[in-house]
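[1] sequence and predicted structure below; questions after.
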Amino acid sequence: MLTFINVFTVDPTNQERVVELLTQATEGSVTEAPGFISCSLHRSLDGTKVTMYAQWKSMEDYQAMREDPRPLPFFQEALTIAKFDPGSYEVVKTFNHA
């Protein structure tokens, strides 16, 4: 399993639009992609960031989703109003409340 933590830095006036675009992309096709596990969107309290935390079964599944043309217009628009800082991670340890 892989975790992607992608941070979009935005002007506070564009934060809600980036949330909308990422929501549309995810609900419209990403959740149906093979290998998709989960996704959470977070917005910073100061309005300057939107962070997407997503988990996928494999890098190959994630890359296949990236080649799907359906979410592309939403991602492209988001990149016109936000700086994108992607990150891919391997889960090392999970802590839960007992």
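    Now that the structure is in, tell me what you want to look at.

[2] show the average pLDDT along stretch 6-18.
    Regarding stretch 6-18, the rounded mean pLDDT is 98.

[3] can you tell me what sits against it?
    Applying Cβ atoms under 8 Å, 6 or more residues apart in numbering, the external contacts of stretch 6-18 come out as 22, 43-44, 46-52, 54, 78, 81-87. In short, each C-beta sits where N, CA and C put it, glycine included.

[4] could you rerun that using 10 Å?
    19, 21-22, 41-44, 46-54, 74, 77-88 (Cβ atoms under 10 Å, 6 or more residues apart in numbering).

[5] tell me the contacts of the residue nearest the centre of the chain?
    With distances taken as Cα atoms, centre = their mean, residue 52 lies nearest the centre of the chain, 3.6 Å away. Listed by Cβ under 10 Å, 6+ apart, the contact set of residue 52 reads 4-8, 18-19, 22, 25-26, 30, 39-42, 78, 86.

[6] switch to 7 Å and redo it
    Under the criterion of Cβ atoms under 7 Å, 6 or more residues apart in numbering, the contact list for residue 52 reads 6, 22, 39, 41.
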